[in-house]
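Asks: just to be clear, the model below is a prediction. Sequence and coordinates:
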Amino acid sequence: MGARIEHLVTSGTFSLDGGTWDVDNNVWIVGDDTEAIVIDAAHDAEAILAALDGRALRAIVCTHAHNDHIDAAPALAAATGARILLHSADQPLWKQTHPDHSPDGELTDGQVLTIAGIDLTVLHTPGHAPGAVCLHAPDLGTVFTGDTLFQGGPGATGRSFSDFPTIVDSIREKLLTLPPETVVRTGHGDTTTVGAEAPHLQEWINRGH
């Protein structure tokens, strides 16, 4: 069977700026019957391992370093030997959750990751976090947006390390320029499409955060 996208929802907590909230996270697995990557190792390494079902895990890609997206990454890496990849601008956030464990490699804008014959291009999309990235897989007709773009608007920018004008610029320049039929697979909640979200950009700007 060729390359495909699998979806897992894991539950835990998100903590920042002294507050903690219960959250459900989307974990995305991209690969074929023999190898895969995981996008955002959230909360439950055992559940992600079970979903991998013995496939070789080539990388754990972090869309950003808020704790709910990376808390299971070291355990998953230890179990599989996979490298953890993160944009360097999110190192301060990473260290809040894993002070004694560093990522194994850096993600950079324009970098291409290849798994099961599928290319995923890294798009640096700061705003929700300084090192936030999205992963565009044109052959799969999809973009993995982490917490940068959701169904209904941008990710939250009301906490430390975030900025609303920056996330709007990132979405305008890096995401809304993708084909409108591109499926947006998010860090939380339901999927959407670039075309569904594009008309609302001015509304987001007017509303502000």
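Replies: Thanks, I have the structure now.
Asks: all contacts plus neighbour counts: C-alpha atoms, from now on.
Replies: Noted.
Asks: which stretches in the protein count as helices?
Replies: 45-52, 67-70, 73-80, 91-97, 164-170, 194-197, 201-207 (DSSP state H).
Asks: contacts for the fifth one?
Replies: By that I understand helix 164-170. 124-128, 148, 154-155, 157-158, 201, 205, 208-209 (C-alpha atoms under 8 Å, 6 or more residues apart in numbering).
Asks: gap between it and the chain center?
Replies: Remark: helix 164-170 is offset 17 Å from the chain centroid, using C-alpha atoms, centre = their mean, to the nearest Å.
Asks: now that helix: buried residues?
Replies: Buried residues in helix 164-170, defined by neighbour count with 16 or more other C-alpha atoms under 10 Å: F164, T166, I167, V168, S170.
Asks: could you list everything V122 pairs with in the sheet?
Replies: L135 (DSSP bridges).
Asks: for it, the count of nearby residues, please.
Replies: By other C-alpha atoms under 10 Å, 22 other residues sit near V122.
Asks: one more: T34?
Replies: 15.
Asks: show me the residues around it that make contact.
Replies: Per C-alpha under 8 Å, 6+ apart, neighbours of T34: R55, A56.
Asks: one step back: in JSON lines: the buried residues of helix 164-170, plus distance to L49 and pLDDT.
Replies: As requested, the buried residues of helix 164-170 are arranged in JSON lines below (distance: C-alpha to C-alpha, whole Å; pLDDT from 0 to 100):
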{"residue": "F164", "distance to L49": "35", "pLDDT": "96"}
{"residue": "T166", "distance to L49": "35", "pLDDT": "97"}
{"residue": "I167", "distance to L49": "32", "pLDDT": "97"}
{"residue": "V168", "distance to L49": "35", "pLDDT": "96"}
{"residue": "S170", "distance to L49": "32", "pLDDT": "98"}
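Asks: surely A198 touches L176?
Replies: Yes: with contact defined as C-alpha atoms under 8 Å, A198 reaches L176; the gap is 5.9 Å.
Asks: which one's more surrounded, the two?
Replies: L176 (19 against 16).
Asks: now the more buried one: phi and psi?
Replies: phi -70, psi -10 (degrees, to the nearest 10).
Asks: and it, how far from H7?
Replies: Separation of L176 from H7 (C-alpha to C-alpha, to the nearest Å): 23 Å.
Asks: now swap in F164 and tell me
Replies: F164 is 28 Å from H7, by C-alpha to C-alpha.
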